[in-house]
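>>> okay, predicted coordinates and the sequence, questions at the end:
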Amino acid sequence: MRLGTCYFPEHWDPSEHQRDVDLMVQARLDIVRMGEFAWSRIERESGQFDFDWMDRTLDRMHSAGLEVCLCTPTATPPKWLVDRYPEILPVGPDRQLRDFGSRRHYRFASTVYREQSERITEIVAARWGQHPAVTTWQTDNEYGCHDTTFSYAPDDLRAFKDWCAARYATPDALNRAWGNAFWSQEITDFDQLWLPVGAVTEINPACALAWRRFGSDQVVDFNRSQVELLRTHSPGRRVAHNFMGFFTEFDHHRVAADLDIAAWDSYPLGFTDMSPLPLAQKLEYMRTGHPDIAGFHHDLYRGMGDLWVMEQQPGPVNWAPHNPAPLPGMEHFWIWEAWAHGADVVSFFRWRQAPWAQEQMHAGMLRPDGQPDAAFYAAQRAAQERDQWFPNGVPANVQAPVALVLDYESLWAQEIQPQGASWNPLWEAMRWYRAARESGLTLDVVGPGADLNGYALVLCPASAIVDPARVDQLAAASGRVLLGPRSASKTPELSIPEGLAPGAMTQLMPIKVVRVGSYRSEWSMGCELPDARVVRWREQIETSLTPQALAEDGGGLWYRNGLVDYLAAALDDDGLRRFIADRACEQGLNCEVLAPGERVRVRGAMRWHANSGLAPVEGAQGALGQGQFSITP
Amino acid sequence: MRLGTCYFPEHWDPSEHQRDVDLMVQARLDIVRMGEFAWSRIERESGQFDFDWMDRTLDRMHSAGLEVCLCTPTATPPKWLVDRYPEILPVGPDRQLRDFGSRRHYRFASTVYREQSERITEIVAARWGQHPAVTTWQTDNEYGCHDTTFSYAPDDLRAFKDWCAARYATPDALNRAWGNAFWSQEITDFDQLWLPVGAVTEINPACALAWRRFGSDQVVDFNRSQVELLRTHSPGRRVAHNFMGFFTEFDHHRVAADLDIAAWDSYPLGFTDMSPLPLAQKLEYMRTGHPDIAGFHHDLYRGMGDLWVMEQQPGPVNWAPHNPAPLPGMEHFWIWEAWAHGADVVSFFRWRQAPWAQEQMHAGMLRPDGQPDAAFYAAQRAAQERDQWFPNGVPANVQAPVALVLDYESLWAQEIQPQGASWNPLWEAMRWYRAARESGLTLDVVGPGADLNGYALVLCPASAIVDPARVDQLAAASGRVLLGPRSASKTPELSIPEGLAPGAMTQLMPIKVVRVGSYRSEWSMGCELPDARVVRWREQIETSLTPQALAEDGGGLWYRNGLVDYLAAALDDDGLRRFIADRACEQGLNCEVLAPGERVRVRGAMRWHANSGLAPVEGAQGALGQGQFSITP
Amino acid sequence: MRLGTCYFPEHWDPSEHQRDVDLMVQARLDIVRMGEFAWSRIERESGQFDFDWMDRTLDRMHSAGLEVCLCTPTATPPKWLVDRYPEILPVGPDRQLRDFGSRRHYRFASTVYREQSERITEIVAARWGQHPAVTTWQTDNEYGCHDTTFSYAPDDLRAFKDWCAARYATPDALNRAWGNAFWSQEITDFDQLWLPVGAVTEINPACALAWRRFGSDQVVDFNRSQVELLRTHSPGRRVAHNFMGFFTEFDHHRVAADLDIAAWDSYPLGFTDMSPLPLAQKLEYMRTGHPDIAGFHHDLYRGMGDLWVMEQQPGPVNWAPHNPAPLPGMEHFWIWEAWAHGADVVSFFRWRQAPWAQEQMHAGMLRPDGQPDAAFYAAQRAAQERDQWFPNGVPANVQAPVALVLDYESLWAQEIQPQGASWNPLWEAMRWYRAARESGLTLDVVGPGADLNGYALVLCPASAIVDPARVDQLAAASGRVLLGPRSASKTPELSIPEGLAPGAMTQLMPIKVVRVGSYRSEWSMGCELPDARVVRWREQIETSLTPQALAEDGGGLWYRNGLVDYLAAALDDDGLRRFIADRACEQGLNCEVLAPGERVRVRGAMRWHANSGLAPVEGAQGALGQGQFSITP
Ligand SMILES: [Zn+2]
Ligand SMILES: [Zn+2]
Ligand SMILES: [Zn+2]
């Protein structure tokens, strides 16, 4: 339960650096991230290096007792490098060059850029890797941000062909895996492969899935090549990357497997504004953030490594369609929320608001005029509370009673083939998460290979693609397993399983999904489940099991086989909350019915109780207004 | 009144082929379409042919007594062909290549592709054209699907220049026809012509119309070149093409003139979801289809040749924004609806749902696991009913009492120049069609050159461009002629007629349209016509005729000259229904007021009575619920 | 208070020209604009000129006593010129060529096109510059229309680099001005600069502002090069350009500085349809135009030179999403409205509706069949009224009691960086204008360097960038100055001022804006100001001033320092009207509360009182229905 900030010494006159360090100490910070966009200051022209300014900054930090998380600067190759190697620039799905002028203007699959990335990583790691201030590294910055995971340059096609040749071995194997007999898509040589872009109509979904796997693998490899150099040149340090919110373009479990710390960048207001929430909820949570958005991501990334919030929203930002000022106190609220969800570090982005360039309207811990802003005081206060409330050390993270299983390949399968404009698989997982949280439950979000022992309830909202290992884990789960519609509905090559869905899960749930329908969001249908209506997705089941509940169309809606339950439709928010709460009660978990904006989370001995809604809720020490919380140790 | 399906033997192991044939017989099918996407299986590499699999399949079909409709495979040139002749790929209106990866990746105007099309057509026609199973051919597949009628490659400009030189003879004639003195658009040589794409603002509408005529002509020529080869190499067989719904990119009357069968592909739920219907109607008809969508197209294409439904929706599909499961029984409903509208064949797309590739979520008569699905049983049942109800042969198609005149050039004129975002000429025609059907009338949709003798009522909702022959036919019509607004408002070169609209029709209706206004859909205005309000379009008329009815603005709304009526505005749905019903009554036709989802159609001795709406309606044999119908012989 | 029209003799057979001239005289016109799109008729091929048709037309006009405003024909380079110099074609922000086929297909920064522009300008000026009919010139036509101010060709980058080198002198100065240390954007050579297009994400706002200044400068230079040639070859004539509505792409004050006449093209119905007004208001004013749209632009352009309406909507047009017919009488209404706002000339576009090409559905003073249409009679009637009501000459334009300050750089700053999707700076200025007009006030819209002496009230709705001269003028203003939120919030290089906003205005208003928030349009917050709610934008202020009013969040909303007032938020329409009315009353101005569609304007001795709303209002001579007005001398 520590605090930090993101600092750009290269933005400020050196004469201000010591004042900044002194203020950071005053703000009770522990760790400072630096360097992720500083390439042009480290290497002003090809081979002309300037290390002094960072040397001196690291020394200052160390003297002040601050740890440093140093970054590789590869998210922003400077203009001289782009001019020398224009082939590193990505090409968009519109087949236009994505040019210099902002950031992340590189292709992961570029061998030229891989060399440059390794060259500069080695240089910074060799220079500063053993500096006593440096305890942590961050690789690059927000992989994939601004849709940069994928690029459609000719050289990307070259790499994709190689990747396919490695995966499928023969053209015929690929033809069979993709079903290329359909629409005469067959190839006789891997060199005949194409980029999945610009086709006359829908691309083969199996090709699209291969492309997404390929793209994800490029990120994994790119990151790994930096991690290896950092471990070599900076022994004993821990390595992080800062992931993002609502982002599924690569397999975060696989990238995180090479890291020590799964950090993420938490902007509750921006994410709320851009979410698929209905307008009324966007308005209610406009200045607090929706109560599950930060929590879901905290729980998600905590399932991948030590949890850090590498960038925490410190006030209004600049990049969302609307950028409200947070309610007074939210900066403080977000620190404790992250800690309650198991974060080790909460680091505000950024230290001092820059008065120029793209992010000039993005708040910091200091205002542009150098005066402390709300986040500065929030950090001071949280540090003091922490020391006061937990004098014997911070509570440990312990396993939650409920697990929600999430894997990226299943999300990709449904993003490629939603089969209905109203279907959003990540948001469906968010809805299950919210349903459990609204019942006062504490969750772990776990990856596809996780051990499910010890969980009283395991939620599988959208496991479209599962491998036999997953099935074994679910079969071995000690608690009740809830499977959502579309479970195991696809093979690993995005086709329909031979015996129909739920394919590989049929041993857990002996049913056959013989027909599916997707429906407009405005549609709903009644059913026998309490408080519930069927929405957006409905399956027709063939089975010898007797349904536990029917829908108005007369078909089975809820099936049970031992410890496993299956829902043959999507339920509306209320129905889903009630269904999960009822199953949790069956498992002996203690459910509450919370107010819409009310949330609780338990971290070891600490209970966090918060309210993001307009209406006050009753807390242990009195009413909690909007944006307020209490900590009960 | 026969049944069929679309079969892809190349998708399944040969060991399953005989089982498929046996099941088709069990399903009571008469005819099987094959081969439209099989080029890569017929010619695996340039010049390497494999005919055996189809030989054997044709033999099996023949042995089982099934007829075959064989297709030219030109909708999906294989990758080896595209790699050899990349110039066949189309260029989109964004001036980007439309690349390999799906289907229809060819340019109609490509001379190289024309050669390839003729080469493969000759090969398949020569190989199988005289096989006894083959009774019918389909050319290509769904011409123009996915906006492929038009392409904007340099070679398309070359062809367009030639086309213009042939049409206009001299640059000055073209300048005059297009009004090129406007904005200095004049040319002195056909080589100065441009592609109608990428201009700074609106292109000359006359140029746009020339482009659409040119594009349509390419389709006509492409189709004709296949038809001629088929007739040569496969004498005695009939030739079809499968048209689409809500599709106006080429002149279907002219393409159909070279065919025997005007087939189309009927997907009632997908079309309803994508239609301009208001949300409430989309929800009501989500699982049945709007009651006029299939009917309108049946009647439209029956006006061009023998009517087949070459592809009939067999269950949920994959390509609409939302893909509901049809209400139980709809597969059966749609067969009888098509037969009632005069179809000879109703052929489900497809036989067995493919578990992989783009259409894996598109239902078939068999499920992916090979078990019969709803359409299988629907076919069995319909065949049995047909034999039972019509033991002496199926009722003949006879002329309807009402004609609706529709031509593609008039639609193009209004699509190019809607003069108001709320104006959709094809949908306006649909509204007139619906108005008549809601009054229980049976219609023929007829082309511009049709003989109008014998019709009690002739509806002309949107005849913007008419030639003298049309005027003569209308003048000679034995029944009452209803002209909608915008009638004859344009010359064949898309300019305003010299004496103002209705130009060539002024002899029928001696008025002058001196001003027009287009209005937001949310606007309406009262008028003297019963049940009616003026919507979206209003004309100001100068005439010595006394109006039959005024609008609230004091101007004439309805004019009558002998047997001809003119509406100087668009009417809302209710008003249009009442207006057409009242005119039909004047003509002695028997009008009913049907419920919104209720429809009736008479085919000779057979009366089909159906309900697509939520509320039950009273039928001859009792109440008809949603998705139910009765047949009265 | 004169009348005119736009005439295209090249569109009509010479045999009709004299009839046209005679009818113009009958319509009581004073001046006729010609030639702006006639390049292909003046120079049919390179160097082959045809002057005769225009010679004869000028002679006819002169004989009839009509003045002529002749145009340079540079808005439509003919095809032969484009084929010879394809490098003049602009490139869009999608990096695709904007091709021949309509108009304005040239790049302002093209040196080749600058030569061609000067060549043809010199030719027409030399030929007709001293013709006695020619009293006025118009340069080109509607600079920037269809987003043509900016182009992204390689040659545009070349020009931009030169422009930046001239502005910033050294790469390091540019780096500092733009804050290029951020995201490693630093350059070491101007040749490293980039086009602000196609970047992975947001471009540096300072770079975007430089690009907009550069683009604006190209228009200024292009126009100036024509003006200079016209003044040389056509001495004694006055020079105009026809600006547009709601158009901010270049600095109109700077272009107008080289002109005598600030003309604009007024299409009240089209502008209303395309405006950000709510639907209910679009419907109410669909056939009259919103009551402030024409007025605002009249007042805006009158602040730049002699006011002409070079193109006045004469009936329905063709280019808006919906194109209603104006209410009967509107053509007459718009003439008097323009005169009341100080116009010298109101010139209808166009004389006779052309039956072909892009604008065939755009009404004229004559119908396509040559008969007089509504605008013809409107002109006759207005001329007669003018002569009757003002027998001793038209009233003079005098200074209004209220000034609204507007400058283009401030608009650009907020368009580049709205910081909230609900923020539209020009529309915010319109809202202040409307608020004052709804209180019956008469306004001048003045530019950034205007003398503010004599105004009782000075409105500054959106002066984001101010220079010291502006601050001095505001400080010296004799009346009360109202500053809106975001005032002086940016430096001239689009960064946050060192001491925070209102930066350069802090001496006028000693506050610090320490935090801002932008909010969805659906949000609002109560406050102490009468009738008002806070909407869309809210600032948090640090100051020793005591606020005059608080908002519900407890923060100051209205601050006063001597004669200067500051609003720390946007107010809703009602609140803004009341706030401005109350301040006007404090200044002793006579405010009325007008009906929503009611407006008054005083021009010297003449008072115009009009109603655009559905509900009648009480006028001096009785009720004014929708689209009616009265003139009180
Ligand atoms: Zn970030
Ligand atoms: Zn199809
Ligand atoms: Zn214009």
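That came in fine, so what should we check first? Ligands and ions are numbered 1, 2, ... in the order given.

>>> so is the strand or helix carrying A:Trp558 next to chain B?
Per DSSP states H and E: A:Trp558 is located in strand A:556-561. No: under the criterion of Cβ under 8 Å from any Cβ of the partner chain, chain B is not reached by strand A:556-561; the shortest gap measures 14.5 Å. No exception for glycine: its C-beta is placed from N, CA and C like everyone else's.

>>> counting contacts, what elements does that strand pack onto?
strand A:533-543, strand A:549-550, strand A:564-567 (3 or more Cβ pairs under 8 Å, 6 or more residues apart in numbering or on different chains; DSSP states H and E).

>>> for B:Ser117, which of those is the nearest?
Closest of those to B:Ser117 is strand A:533-543, at 41.9 Å (criterion: Cβ to Cβ).

>>> if we can go back for a sec, please work out which of the helices and strands packed on strand A:556-561 is packed deepest.
Among these, ranked by average contacts under mean count of other Cβ atoms under 10 Å in any protein chain shown, first place goes to strand A:564-567 (a mean of 24).

>>> contacts for that strand?
A:474, A:480-485, A:487, A:502, A:508-509, A:511, A:548, A:557-560, A:579, A:583 (Cβ atoms under 8 Å, 6 or more residues apart in numbering or on different chains).

>>> keep only those of the residues you listed that are in strands.
Per DSSP state E, strands hold the following members of the contacts of strand A:564-567: A:480-483, A:511, A:557-560.

>>> show me which of the residues you listed is closest to chain B.
A:Ile511 (13.2 Å; Cβ to the nearest Cβ).

>>> and the residue of the stretch 101-250 of chain A found nearest chain C, helix, strand or coil?
Among the residues of the stretch 101-250 of chain A, A:Gly101 lies closest to chain C, at 3.2 Å counting by Cβ to the nearest Cβ. Three-state call for A:Gly101 (DSSP: H, G, I helix; E, B strand; the rest coil): coil.

>>> show me the contacts for it.
By Cβ under 8 Å, 6+ apart, the neighbours of A:Gly101 are C:185, C:194-200, C:203-204, C:207.

>>> could you do A:Met505 as well?
A:Met505 is in contact with A:463, A:466, A:471, A:474, A:483, A:487-488, counting by Cβ under 8 Å, 6+ apart.

>>> redo that, cut-off 7 Å
A:Met505 sits next to A:466, A:471, A:483, A:487-488 when contact means Cβ atoms under 7 Å, 6 or more residues apart in numbering or on different chains.

>>> can you flag which of the residues you listed belong to helices?
A:Val471 (DSSP state H).

>>> grab the nearest non-local neighbour of A:Gln312.
Closest residue to A:Gln312 apart from its sequence neighbours, by Cβ to Cβ, 6 or more residues apart in numbering or on different chains: A:Phe348 at 4.9 Å.

>>> OK, contacts around the residue of chain A found nearest chain B?
Per Cβ to the nearest Cβ, the residue of chain A with the smallest distance to chain B is A:Gly179, at 2.9 Å. With contacts defined as Cβ under 7 Å, 6+ apart, A:Gly179 is in contact with A:206, A:495, B:354, B:356-357.

>>> what is the nearest of these to C:Ile631?
C:Ile631 lies nearest to B:Ala357 out of these, by Cβ to Cβ, at 73.7 Å.

>>> close enough to count as contact, that closest one and A:Asn204?
Yes: taking Cβ atoms under 7 Å as the definition, B:Ala357 is a contact partner of A:Asn204 at 5.5 Å.

>>> just want to know which of the two has more residues nearby.
A:Asn204 (26 against 21; other Cβ atoms under 10 Å in any protein chain shown).

>>> could I get the phi/psi values of the more buried one?
Main-chain torsions, A:Asn204, degrees, to the nearest 10: phi -60, psi 120.

>>> could you do A:Glu36 as well?
In terms of degrees, to the nearest 10, the main-chain angles of A:Glu36 are phi -70, psi -20.

>>> which helix runs longest in chain A?
Longest helix in chain A, counting by DSSP H: helix A:205-233.

>>> domains of chain A?
A:2-150+A:230-389, A:402-586, A:600-632 (automatic domain parsing).

>>> now those domains as CSV including mean pLDDT and distance to B:Val220?
Converted to CSV, the domains of chain A look like this (pLDDT from 0 to 100; distance: least, Cβ to Cβ, whole Å):
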stretch, mean pLDDT, distance to B:Val220
domain A:2-150+A:230-389, 98, 32
domain A:402-586, 97, 36
domain A:600-632, 95, 64
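
>>> which one, of the ones you listed, ends up nearest to B:Ser117?
Comparing the domains of chain A by Cβ to Cβ, domain A:2-150+A:230-389 comes nearest, at 27.3 Å.
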